[in-house]
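Visitor: predicted structure and sequence below. I'll ask about it afterward.
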Amino acid sequence: VEAARRSLATTLGLPIVNAVPDNVWFEAIGPAPGPVGPLAPGASPDLARQQAEVARSRAALAAERANALPNPTVSAGVRQFQDSRDTAAVVGLSLPIPILNRNRGAIERAGSDLARAEVEAQQATLALTASLADAARRLEVAWREADSIRRVVLPA
């Protein structure tokens, strides 16, 4: 008992634990654990980080695709001719033709980054689901053990 108290105190970060469970504690184990449902979207910080990485990769891919389109430039101004001292309004339009630079390399890199982020998020979800199922199984085993102690050992 003393070794268990020292271990509990170490786990809790306390100098000493003077907890002595009473019979009510043994009888109040609660209801049997139910089945584990699916993971909630914000169930884990790791899962949320992976989903944020996927969203960031999608935004990067959209930005690289947008950079592949040429940006038209419209200009307007006033020009004064020195010879005749006339003034004229000047309007210009420039539209680059993307023959040599279509930003394909950056688009492909952003696409592969997105695929990598999606695979990592899927792996994190699978690992978290497996961990949750394992924890639920261990909880069920512990509850059954506590219930059997409560029903069989304590009355004896």
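Guide: Noted; the coordinates are in hand. None of the values given here were measured: they were computed from a predicted structure.
Visitor: show me where this structure dips below the pLDDT cut-off.
Guide: For the chain, residues meeting the criterion pLDDT under 70 lie at 20-23, 25-27, 41.
Visitor: just want the most central residue of this protein.
Guide: Ranked by distance to the mean C-alpha position of the chain (C-alpha atoms, centre = their mean), the top residue is Ala48 at 2.0 Å.
Visitor: A helix includes it, no?
Guide: Yes. Counting by DSSP: H, G, I helix; E, B strand; the rest coil, Ala48 falls inside a helix.
Visitor: which residue sits closest to it, ignoring its sequence neighbours?
Guide: Distances taken as C-beta to C-beta, 6 or more residues apart in numbering place Gly42 nearest to Ala48, at 5.5 Å, with adjacent residues excluded. (C-beta placed from N, C-alpha, C; glycine too.)
Visitor: show me how far stretch 91-111 is from its chain's centre.
Guide: Chain-centre distance of stretch 91-111: 32 Å, with C-alpha atoms, centre = their mean, to the nearest Å.
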